[in-house]
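sequence unavailable; structure follows:
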């Protein structure tokens with residue numbers, strides 16, 4: 001298979017171990033190998049790039065300035081999917097980062113998104129918000145939901161209910177071993193409750 005992102009990242013950040021002597025001699029063959037591997041990785045991801053990128057644990061793309069976010073955004077592809085079980089609605093800026101990965105600039109820049117959605121929505125949720133603030137919050141929330149409903153799909157466990165077997169629980173009462181009884185007796189006497197142990 002193709003070299004992964006993690007391999008290319010390690011290749012770019014090859015560091016000397018602490019206390020290891022500085023190499024005076026450069027191994028040309030080794031350097032060429034790493035450069036070829038890095039070039040092949042970049043070529044496969046950036047030029048022309050894969051047909052589809054599926055990003056599991058997508059909530060890790062929650063910061064546009066993080067190394068992983070920057071690296072993923074450089075991948076040239078026309079199709080991107082983000083999967084996450086993380087409750088996205090709790091932080092709109094993290095939500096923007098994931099949407100911006102799937103559809104770059106669909107919600108504008110981060111500043112535009114903050115001005116258009118984040119500030120009005122957060123302002124309308126305050127205890128001392130005015131009626132006008134609350135109405136604006138509801139309107140902007142509705143607009144955001146409407147914009148995203150074409151490509152953001154929310155699912156819960158109910159879609160799997162018909163494929164999963166029903167859950168069966170068993171309660172088994174097992175007699176304690178002599179060692180377990182002695183331990184329990186010691187703990188109870190230490191705590192001042194030694195009654196009821198046989």
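Right, received. Where do you want to start? Quantities reported herein were computed from a predicted structural model and do not represent experimental measurements.

for the protein, what spans make up the strands?
53-55, 80-82 (DSSP state E).

and residue 69, how far from residue 135?
34 Å (CB to CB, to the nearest Å). Heads up, the C-betas are built off the backbone N, CA and C, glycines and all.

which of those two has more residues huddled nearby?
Set residue 69 next to residue 135 and count neighbours by other CB atoms under 10 Å: residue 69 wins out with 18 against 12.

is it true that the more buried one touches residue 101?
Yes: proximity of residue 69 to residue 101 meets the contact threshold set by CB atoms under 8 Å, at 7.2 Å.

between these two, which contacts overlap?
residue 61 (CB atoms under 8 Å, 6 or more residues apart in numbering).

surely residue 79 meets residue 52?
Yes: the pair residue 79 / residue 52 is scored as a contact, 4.4 Å apart, by CB under 8 Å.

hey, which of the strands of the chain is tucked in deepest?
strand 80-82 (a mean of 18; mean count of other CB atoms under 10 Å).

for that strand, packing partners?
strand 53-55, helix 92-102 (3 or more CB pairs under 8 Å, 6 or more residues apart in numbering; DSSP states H and E).

what would the ones you listed look like in a markdown table with distance to residue 85?
Formatted as a markdown table, the helices and strands packed on strand 80-82 follow (distance: least, CB to CB, whole Å):
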| stretch | distance to residue 85 |
| --- | --- |
| strand 53-55 | 13 |
| helix 92-102 | 13 |
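
buried deepest among the ones you listed, which one?
By mean neighbour count, with neighbours taken as mean count of other CB under 10 Å, helix 92-102 ranks first of those at a mean of 20.

which secondary element of this protein has the worst mean pLDDT?
Sorting the helices and strands of the chain by mean pLDDT, DSSP states H and E puts helix 5-12 at the bottom, at a mean of 53.

ok so, going back, now the helices and strands packed on strand 80-82 as a markdown table including distance to residue 152 and mean pLDDT?
A markdown table is the format used below for the helices and strands packed on strand 80-82 (distance: least, CB to CB, whole Å; pLDDT from 0 to 100):
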| stretch | distance to residue 152 | mean pLDDT |
| --- | --- | --- |
| strand 53-55 | 14 | 87 |
| helix 92-102 | 7 | 85 |
